[in-house]
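# here is my input, please return the structure:
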Amino acid sequence: MSSNFRIPPAHSSGEIDLAVIFNAAWRQKKLIALVALIITFLSVAYAYWVTPEYQVSSVLRPAAINELDALNRSEVYRLPPNEALTRVGAALESYDTRLGFFRANRSLFSRFEQPGRTLEQSFEEFNRNSINLILPDPKKVDLLSAYIRLEMIYPKGIDGVAILNGFVNYAINIERAQIAADMDVIIKNRLRELKGKLDAARSNYENDKEAKIAKLLEADNLRRAQLQDELKALRSQLKTLRADRMAQLDEAIVIAKSLNIKKPTTPSALSESDHSGSSSVMRTEINNQQIPLYFMGAETLEAERTALRQRKSDDFTEGRIAQIAKELELLKENRQIEVLNRRENEDLFLSGIEPLRAEMARLNNLKNIDINTLKLVAIDKEALEPLSPIKPNKRLIVLTGLFIGLCLGVGIALLISISRSGPRLSKSS
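Modelled structure (predicted):
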């Protein structure tokens, strides 16, 4: 048995949908064009209405070694070129440095200041969105590849070139001032340390000088006391000798008178006087024994005794007393002490201070280094006036608006077609 049921030829759903969409869009082509035109016009208006934004950049590189040679040769402050670049980069990144530049150049940032905002709030908006610091990979940094890139994005109406270049110079000057302050403190500390050593050398010299003078005075006093004791002993000895001599004379006078010896005589002459004769005999007396004192005769002995009694001083009888008097006279003034006390510039006599003076002179000369001319970094590229804004991209905005307008128009056209074809579908069913 045969059947009359036939399956209608099948068509792919993709072909049917595309045809439906194309037919629906073509029927509403004026609507699509109108929507696309409106959206494109709005995008053009937005592209020309939005405030343009510009971008400027500056690149810093390490300074040449000879630029920092005067600073590094000072042996007070060492700053290699890479470290100088790092310090300037830290200053550029510093919030305090940026705020200081903002405060010092408020005329450049008038667009960022708004009523009801504090200065710090206005600066925060600029700092958060405007300046960006770009550093190289720290693993690959060397003297040749090291750099710092500073970028700034700013709206139309702001002098971004002046801001960026001024900020770079401001940060460099801040670091110069910091280095100058550091050097000043270091030099002052070292000069204070050297002055302390010099004062210690002076103090040691004064102590040594006072000790030397004290030793000399002590030696003089000791020698003077010894000489005076010796002089006293000599005088006492001479007085005793004179008394002894007078006692001997008294005894000899008594003997001489008892022997009736008035004039000086000898033993042989005394014996001849007792034996008077006619014969004339000449005798020579040889005697190695001392002749007794009474042979000098009573008159001579009495004269000597009288002179001894009338003597007021025995000093002339001893040569040593004159020498002692001479030494005592010399001890009245110690010329070595006098010369020590009369020194005017005593620093000339300090020992071991020549290196200290040389170092102090060198440190004082370091004050003549002009830090303001010190080139911490090399400005490889300064910020220049940009030729065109980076935002907005008018061509991209217009093309995007045209594409969105077309898509939106097609979508509206399809919605209208679907809404119109709905009742027909229900009738046919």
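
# so Gln248 sits against Met296, correct?
No. Taking C-beta atoms under 8 Å as the definition, Gln248 is not a contact partner of Met296, at 10.9 Å. Using the backbone N, CA and C atoms, a C-beta is placed for each residue, glycine as well.

# of the two, who's got more company?
Between Gln248 and Met296, counting by other C-beta atoms under 10 Å, Met296 is the more crowded of the two (21 against 15).

# got a list of what the most centrally placed residue in the chain touches?
The residue lying closest to the centre of the chain (C-alpha atoms, centre = their mean) is Ile186, at 1.6 Å. If a contact means C-beta atoms under 8 Å, 6 or more residues apart in numbering, then Ile186 has Val76, Tyr77 as its contacts.

# do a quick rundown of the strands in the stretch 101-250 of the chain.
Using DSSP state E, counting those that start in this stretch, the strands found in the stretch 101-250 of the chain span residues 131-134, 148-155.

# let me fix that, I meant to ask about the stretch 301-429 of the chain.
With DSSP E, counting those that start in this stretch as the criterion, the stretch 301-429 of the chain has strands at 377-381.

# low-confidence stretches in it?
The model of the stretch 301-429 of the chain has pLDDT under 70 over residues 393-394, 421-429.

# try it again with 50
424-429 (pLDDT under 50).

# ok, which stretches of it are helices?
Ranges of helices within the stretch 301-429 of the chain are 319-330, 335-341, 354-366, 394-428, based on DSSP state H, counting those that start in this stretch.

# circling back: and the residue nearest to the centre of the chain, what's its pLDDT?
In this prediction, Ile186 carries a pLDDT score of 90.

# what angle separates the lengthiest strand in the chain from strand 377-381?
Longest strand in the chain by number of residues, with DSSP state E as the criterion: strand 53-62. Computed by axes from the mean of the first three to the mean of the last three C-alpha atoms, to 10 degrees, the angle separating strand 53-62 from strand 377-381 equals 140 degrees.

# what's the closest non-adjacent residue to Leu133?
Nearest residue to Leu133, sequence neighbours excluded (C-beta to C-beta, 6 or more residues apart in numbering): Glu93, at 5.2 Å.

# quick one: pLDDT of the one you found?
Looking at Glu93, the pLDDT reads 87.

# quick check: Asn169 vs Met183, distance?
Separation of Asn169 from Met183 (C-beta to C-beta, to the nearest Å): 21 Å.

# with mean neighbour count added, can I get the strands of the stretch 101-250 of the chain in JSON lines?
Shown next, in JSON lines, are those (neighbours: other C-beta atoms under 10 Å):
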{"stretch": "strand 131-134", "mean neighbour count": "14"}
{"stretch": "strand 148-155", "mean neighbour count": "19"}
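
# let me have those in a markdown table, extended by mean pLDDT and distance to Ser110.
Shown next, in a markdown table, are the strands of the stretch 101-250 of the chain (pLDDT from 0 to 100; distance: least, C-beta to C-beta, whole Å):
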| stretch | mean pLDDT | distance to Ser110 |
| --- | --- | --- |
| strand 131-134 | 81 | 17 |
| strand 148-155 | 85 | 12 |
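
# closest to Val44 out of those?
Val44 sits nearest to strand 148-155 of all these, at 20.2 Å, using C-beta to C-beta.

# just the C-alphas of that closest one, formatted as PDB.
Provided in PDB are the C-alpha atoms of strand 148-155 (Å, rounded to 0.1, in the frame of the first residue of the first chain):
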ATOM      1  CA  ILE A 148      65.200  56.900  34.200                       C
ATOM      2  CA  ARG A 149      62.200  57.800  32.100                       C
ATOM      3  CA  LEU A 150      59.700  60.300  33.400                       C
ATOM      4  CA  GLU A 151      56.400  60.500  31.600                       C
ATOM      5  CA  MET A 152      53.600  63.000  32.100                       C
ATOM      6  CA  ILE A 153      50.000  63.000  30.700                       C
ATOM      7  CA  TYR A 154      48.200  66.300  30.900                       C
ATOM      8  CA  PRO A 155      45.100  67.900  29.500                       C
END
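
# what about it, distance to the chain center?
37 Å (C-alpha atoms, centre = their mean, to the nearest Å).

# between Asn169 and Met183, who's got more neighbours?
Legend: neighbour count by other C-beta under 10 Å for Asn169 and Met183, higher for Met183 (18 against 13).

# how close does that one get to Pro392?
Met183 is 50 Å from Pro392, where distance means C-beta to C-beta.

# and the longest strand of the chain, what's buried?
Across strand 53-62, burial judged by 16 or more other C-beta atoms under 10 Å covers Glu53, Tyr54, Val56, Ser57, Ser58, Val59, Leu60, Arg61, Pro62.

# quick one: which of those residues is nearest Ser388?
Of the buried residues of strand 53-62, the one sitting nearest to Ser388 (C-beta to C-beta) turns out to be Tyr54, at 8.2 Å.

# hmm, the closest one is touching Gly160, no?
Yes. Under the criterion of C-beta under 8 Å, Tyr54 makes contact with Gly160 at 6.0 Å.

# quick check: neighbours shared by those two?
Counting by C-beta under 8 Å, 6+ apart, the residues touching both Tyr54 and Gly160 are Tyr154.

# rewinding a little: any idea how far the residue nearest to the centre of the chain is from Gln178?
12 Å.

# kindly report the same for Ala146.
Applying C-beta to C-beta, the value for Ala146 to Gln178 is 20 Å.

# one more: Ala358?
When Ala358 is compared with Gln178 (using C-beta to C-beta), they lie 29 Å apart.

# neighbour-wise, which of Ala146 and Gln178 wins?
Ala146 (20 against 13).

# the more buried one: what's it in contact with?
Arg61, Pro62, Asn82, Leu85, Pro136.

# got the angle for the host helix or strand of Val254 vs helix 354-366?
Assigned by DSSP states H and E, Val254 belongs to helix 160-258. On the basis of the same axes, to 10 degrees, helix 160-258 is oriented at 150 degrees to helix 354-366.

# cheers, nothing more for now.
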